[in-house]
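Novice: Generate coordinates for the sequence data below:
(chains A and B)
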Amino acid sequence: MTSTGRGMIEFARQFMPALAAATETVSGSGRLSGRRVGIALTLEPKTACLVQAVASLGAEVTVFGSGHSTKGAVAAALAESGIQVFAEEGADRDRVAELREAFIDTRPEYISDDGASIVRRIHAERHDVLGDLLGVAEETTSGVRPLRVMEAEGALMVPCVAVNDARVKSLFDNVYGTGQSVVMAMLDATNVQMSGSAVVVVGYGMVGRGIASVAGGLGARVTVTEIDPVAALAAHHDGFRVRPLAQAVTEADFVITATGIGHTLTAEHVALMRDGAIIAVGGAGPPEFDPSIGPGLEWGPEVRPKVRALSTGSGVTVFVVADGYCANTSAGEGNPIEVMDLSLALQLRALDLLATGELAPGVHLLPRHIEDEVAGSQLAAAGIEIDQPTEAQIRAATSW
Amino acid sequence: MSGIDDVVARSRVADMTLAPTGHQAIDWARRRSPVLDGFVRRRLADGALTGKRVAVVLHLEAKTAFLATVLADAGARVVAAGSNPWTTRDDVAAAMVERGVEVHSSRRSTPEVWEADLMKVAGTEPEYIIDDGAELTVRIARDRPDIYSRLKGVSEETTTGVARLRQMEQAGRLPMPVIAANDAACKHMFDNRYGTGQSTIQAILRLTNLRLPGKRVAIVGYGWVGRGIANYVHALGGRVVAVEVDPIKALEAHTDGHEVADLMTTLREADLVITATGGMRSVTERHFPALAASTILANAGHHDLEIDVPALRDASTAEDEVRPGVTRFMLDGEKPVFVLAEGALVNIAGGLGHPVEIMDLSFSVQALGCHLLASGDLAPGVHQFPIELDQAIATAKLASQGIRLDVLEEGQSDTLSEILEADTWRSWGSQ
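Specialist: As a prediction, the model looks like this:
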């Protein structure tokens, strides 16, 4: 078990030059040395590389992971190397809640959070540790959103860095990473053909764009559904058909949601689908797909690993990948390594930035120079050189 | 029930208790195979296959299992083995046995055990073979001339196998009719291109968890398989470099918008190398020094030796499996290169094989090919798959999708008769 985990972590590290460069950069400051850092990201090999990088800087690292996305072999390998791990593959809801509280009990000063799940929990129920918390680096769109709401309502008591909102994160992780990995996880789980199929992508944000592009590249006819007119117009310009969801699902072979918003796809939509259609979630987990709203549906057996039948009673059976959890992390291994290399390098830089102690409570963006350095490190590793602006260009760009 | 016990006793599979997930996978394949489960079943119901001994030697996984059951349902006595020592799904093999098919196969068997399995199948004296790479046919020709002379027909799945059987024909050693199932439009245009293309990329990404956008991908061989892979790599943001020995195919790759270069040059900058020639040793000893550090090597062709893994092993100072299906070889003590699925067909040995819907087409060709052999009296030699059957399969597939097409009307089809009847033509002709 642990040797498998170690091998996977080692393999991932070979393809993570940006994280290596960020570790090198941050090691100079020594700011994370001796600090308590909690990492609450999807626990798989890439995250393990971040965990080991933070530990190598002298921090006391603890790790939390959910039951459906934790890779047991990786958790075991980390535990074996002396890191406190609060994650068990396949742990049920209650057990995950226990693990989460135990993780919070370690009173982390800095947290890498996913979906703002830990920071929200601490603000809502665990005021006892709020005083220890000095900063949070948030990984996802669905986590930055509630943090901004908390900030607007004056409820956010600590500085948070919106790692997700960095261009080096959202332009790559959300588009290429999630785009590729959600579609591939769905195909791996089902063994079905994409060319010639009709794919409905619900939501045309960064993730939806990536999914639509990959599905289109694999030969699918893609229809996009949106509630935002600007995003819908962008989908139209990208050559996709745009329709209301209730119409689009009637002809779909695949429906993939990418909104990050609860109750996006419901039983009302399932009732309109064709027999045999496949549903996958590429945004947040339940209740983004919420079969409880609308006509009664009946969950059937798991017809193959990670694929469950869902029947309408009127003879239509659809198939849900990973029970409506995010397909790439729950039915696959998450985002590709090189994409997470960028995101996790940013996470490390964000933790180091928070450790300066100079940020006020609220939501902050990563400064431009950090983004440039992280992007530059991956370009350098790929042997790619780019131009520098000339004096004349700089003058032209800065004058009026 | 005693019938099943008998089949179990005659079979060699890894573990009969694995059958439940195998049944699941076969049922899923059936659900998504409307042509094989509908149109083909009806065609096979005329009794031509009743009591016939049919050997199915293909990659033993869910779609193949479903094909075997369709043949068995049509009355054939089906015996199956894997066409490769690495690709059998043990749960599916067990489920096939429970469905009454005699099976001789297990995953990761040694080449010796695999050869022995094939000879067990040969020993059942099949009349017809559905073969892959002609693996069973050539072994029967070599080792069991008594059975070979009594074979009534072979339907062949792959480019590699059709080439082998044509060589046998030229050598005057093909005493039975062969259907080149691979050459059917409904097979190679879809299976080799879209099926291998999608599933190869899928398997590589699943095994490695790597990103395709920005990768420089060398595709060795630009036949149907190479083209399909190149198409998908390009669509997903990879940069393709095609490597060819055939000038026409190289020109085609160039015109399709891909870089084309010789292998040595290409290897120096490739992040990922995919072999798709269907031949052997396309990446071998002399190429290893040119490989960049951390290059991923994957094979999409028929032969396990297309990437010369034994030579790589000899040239390496260390070897270990760093992730399931990913073996690291250390060259010169410091340059790691990674081989996927030990160099076996990556989409099957390291993935789930072709998408179900693609195999619905391929195996419809195979089932009808076998049926044709059993119903007619084709002369010895390699035969094309009849165009009427090809079209019938495509028509059934389109109908299953609710797609309608047009019919040519009188006056739309050709202008030759009009030209011939024109006065100008007559006057030209008289000059």
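Novice: Any regions of the chain where pLDDT drops low?
Specialist: Just so you know, I chose chain A. For chain A, residues meeting the criterion pLDDT under 70 lie at A:1.
Novice: wait, I meant chain B there
Specialist: For chain B, the stretches with pLDDT under 70 are B:1-2, B:413-414, B:417, B:422-431.
Novice: State which helix of it is the longest.
Specialist: Secondary structure of chain B per DSSP state H: the longest helix is helix B:356-375.
Novice: buried ones in that one?
Specialist: Neighbour-count burial for helix B:356-375 flags B:356-374 (criterion: 16 or more other C-beta atoms under 10 Å in any protein chain shown). C-beta here means a position set from N, CA and C on the backbone, and glycine is covered the same way.
Novice: what does the next helix or strand along the chain from that helix rub up against?
Specialist: As assigned by DSSP states H and E, the chain's next helix or strand after helix B:356-375 is strand B:381-383. With contact meaning C-beta atoms under 8 Å, 6 or more residues apart in numbering or on different chains, strand B:381-383 is reached by B:162, B:165-166, B:169, B:174, B:177-180.
Novice: In its sheet, which strands sit next to strand B:381-383, and in what direction?
Specialist: The strands that strand B:381-383 pairs with in its sheet are strand B:177-179 (parallel) (by DSSP bridges).
Novice: quick check: longest strand of the chain.
Specialist: With no chain named, the answer covers chain A. Scanning chain A for the strand with the most residues, using DSSP state E, yields strand A:298-304.
Novice: um, chain B though
Specialist: Ranked by number of residues, the top strand in chain B under DSSP E is strand B:316-323.
Novice: For that one, enumerate the helices and strands it packs against.
Specialist: Counting contacts by 3 or more C-beta pairs under 8 Å, 6 or more residues apart in numbering or on different chains; DSSP states H and E, strand B:316-323 packs against helix A:2-14, strand B:326-331.
Novice: Kindly reformat those as a markdown table containing mean neighbour count and distance to A:Gly131.
Specialist: As requested, these are exported to a markdown table (neighbours: other C-beta atoms under 10 Å in any protein chain shown; distance: least, C-beta to C-beta, whole Å):
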| stretch | mean neighbour count | distance to A:Gly131 |
| --- | --- | --- |
| helix A:2-14 | 20 | 34 |
| strand B:326-331 | 19 | 46 |
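Novice: Between the two ends of stretch A:114-130, how far is it?
Specialist: With C-alpha to C-alpha, to the nearest Å applied, stretch A:114-130 spans 18 Å between its terminal residues.
Novice: next one: stretch B:133-149
Specialist: Stretch B:133-149 end-to-end distance (C-alpha to C-alpha) = 20 Å.
Novice: Could you do stretch B:325-339 as well?
Specialist: End-to-end distance for stretch B:325-339: 8 Å, by C-alpha to C-alpha.
Novice: how many neighbours does A:Arg274 have?
Specialist: Number of residues near A:Arg274 (other C-beta atoms under 10 Å in any protein chain shown) recorded here: 14.
Novice: and it, that's in a strand?
Specialist: No: A:Arg274 is assigned coil when assessed by DSSP: H, G, I helix; E, B strand; the rest coil, not a strand.
Novice: Parallel or antiparallel, list what pairs with the helix or strand following the longest strand of chain A.
Specialist: Sequence order places strand A:307-311 as the next helix or strand after strand A:298-304, per DSSP H and E. As defined by DSSP bridges, the strand partners of strand A:307-311 come to strand A:298-304 (antiparallel), strand A:317-321 (antiparallel).
Novice: Including mean neighbour count, could these go into CSV?
Specialist: CSV is the format used below for the strands paired with strand A:307-311 (neighbours: other C-beta atoms under 10 Å in any protein chain shown):
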stretch, mean neighbour count
strand A:298-304, 14
strand A:317-321, 24
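Novice: quick one, which of those strands is nearest to A:Ile122?
Specialist: strand A:317-321 (32.0 Å; C-beta to C-beta).
Novice: From the chain's centroid, how far away is the helix or strand that that closest one is followed by?
Specialist: Sequence-wise, the next helix or strand downstream of strand A:317-321 (DSSP H and E) is helix A:327-330. Here helix A:327-330 is found 10 Å from its chain centre; the criterion is C-alpha atoms, centre = their mean, to the nearest Å.
Novice: Tell me the buried residues in helix A:327-330?
Specialist: Judged by neighbour count (16+ other C-beta under 10 Å), helix A:327-330 contains these buried residues: A:327-330.
Novice: measure the residue nearest the centre of chain B to B:Pro336 for me?
Specialist: Compute the mean C-alpha point of chain B, and by C-alpha atoms, centre = their mean the closest residue is B:Thr158, 5.1 Å away. As judged by C-beta to C-beta, to the nearest Å, B:Thr158 and B:Pro336 stand 32 Å apart.
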